[in-house]
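Chemist: okay, here's the prediction I keep looking at, along with the sequence it came from:
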Amino acid sequence: MSAKIPNEIKLLSGSSHPDLCAKIAARLGIDVARTISLNYSNQETSVTIGESVRDEDVYIVQSTAPGEVNDGLMELLIMIHACRTASARSITAVIPNFPYARQDKKDKSRAPISARLVANMLQVSGCNHVITMDLHASQIQGFFNVPVDNLYAEPSVLNWIRENLDVENCVIVSPDAGGAKRATSIADRLNTAFALIHKERPRPNVVGRMVLVGDVQDKIAILVDDMADTCGTLAKAAATVKAHGAKEVFAIATHGILSGNAVENVNNSCLTGLVVTNTIPLGDKIDRCPKLKVIDVSGTLAEAIRRTHNGESVSYLFSHAV
């Protein structure tokens, strides 16, 4: 009987985004491990791991599907705990879109820091390592006492822009002051101009007045953000940029949450196209929104898993698309 190769990769998929996990598995040349996840009649989640994970390196891929964020998070915690009690050597949570990332600070009295709570829960459940992409605030990595690899969609975004747009006539626009660092990074890599929109929010998810700082006259304006949720901000930013003489307006966001009336907001806006990655399942939104274009980041996630497993540096992925 031949000896078993020690320390193999076991790739598990949560129920939120099986399509992304299947693409990662195909890139790695492995199969997704058998798991069964179901809800009892009282909506309790039950998870069964269908094969041995003893002394294996386990990678659990679970994103956050719109409307099922809490269910997906609870399922992930249970899967981690199941692998821990089954004597897995190490457990890595691959969370392309980190849940509750926007609640990363105490911005008003009696406000929770929910991102810290999620970090605590992941560690208590038995997670040894986290791989995520474009955290809303990179400081969230400091909430963990275990390693966190925060990957960037920027290299894939740069490739898309170079392949689909006339870079020399582009200007990168940040829809708010908080995203200025992200937008200037892309503008520097493309060697293009940069503009900024200052917005006033009377309350969450509602945008007041917008003021453009910079020149977009006769240019292709590219709005850059980390997530597209209700898309109210992007639609209003696009109208502001268009009013200042932009020839075309594209929006690029890493996480296409697209909740509420997002699809209608995009379809009714003056955006030429909305580009998102597949960190979040989009379902029928691709058919409902002709302006929506998707960048596949499964290669970056798969390469991060391979490099982590082999003890190689992951920093190569910060500047190169796979």
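Modeler: Everything's here; your move.
Chemist: how about low-confidence regions in the protein?
Modeler: Within the chain, the stretches with pLDDT under 70 are 1-7, 201-208.
Chemist: phi and psi next, for the most centrally placed residue in it.
Modeler: Central residue of the chain (CA atoms, centre = their mean): N97, 3.6 Å from the mean position. Dihedral pair for N97: phi -120, psi 110, per degrees, to the nearest 10.
Chemist: check contacts around it.
Modeler: 63-64, 132-133, 227, 255, 257, 279-280 (CB atoms under 8 Å, 6 or more residues apart in numbering). Placement of C-beta: from N, CA and C, glycine included.
Chemist: any idea how far L73 is from it?
Modeler: From N97 across to L73, the span is 11 Å (CB to CB, to the nearest Å).
Chemist: now do the shared contacts for those two.
Modeler: Contacts common to N97 and L73, judged by CB under 8 Å, 6+ apart, are T64.
Chemist: before we move on, back to that, farthest pair in the contacts of N97?
Modeler: T132 and I257 (15.0 Å; CB to CB).
Chemist: buried ones in stretch 142-159?
Modeler: Across stretch 142-159, burial judged by 16 or more other CB atoms under 10 Å covers 143-144, 148-158.
Chemist: columns distance to V249 on top of these, output as a markdown table?
Modeler: As requested, these are arranged in a markdown table below (distance: CB to CB, whole Å):
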| residue | distance to V249 |
| --- | --- |
| F143 | 36 |
| F144 | 37 |
| V148 | 34 |
| D149 | 33 |
| N150 | 28 |
| L151 | 27 |
| Y152 | 23 |
| A153 | 20 |
| E154 | 20 |
| P155 | 23 |
| S156 | 21 |
| V157 | 16 |
| L158 | 19 |
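Chemist: beyond the host helix or strand of I161, next helix or strand please.
Modeler: For I161, the host element (DSSP states H and E) is helix 154-164. Counting by DSSP H and E, the next helix or strand C-terminal to helix 154-164 is strand 170-174.
Chemist: angle of that next one against helix 154-164?
Modeler: 140 degrees (axes from the mean of the first three to the mean of the last three CA atoms, to 10 degrees).
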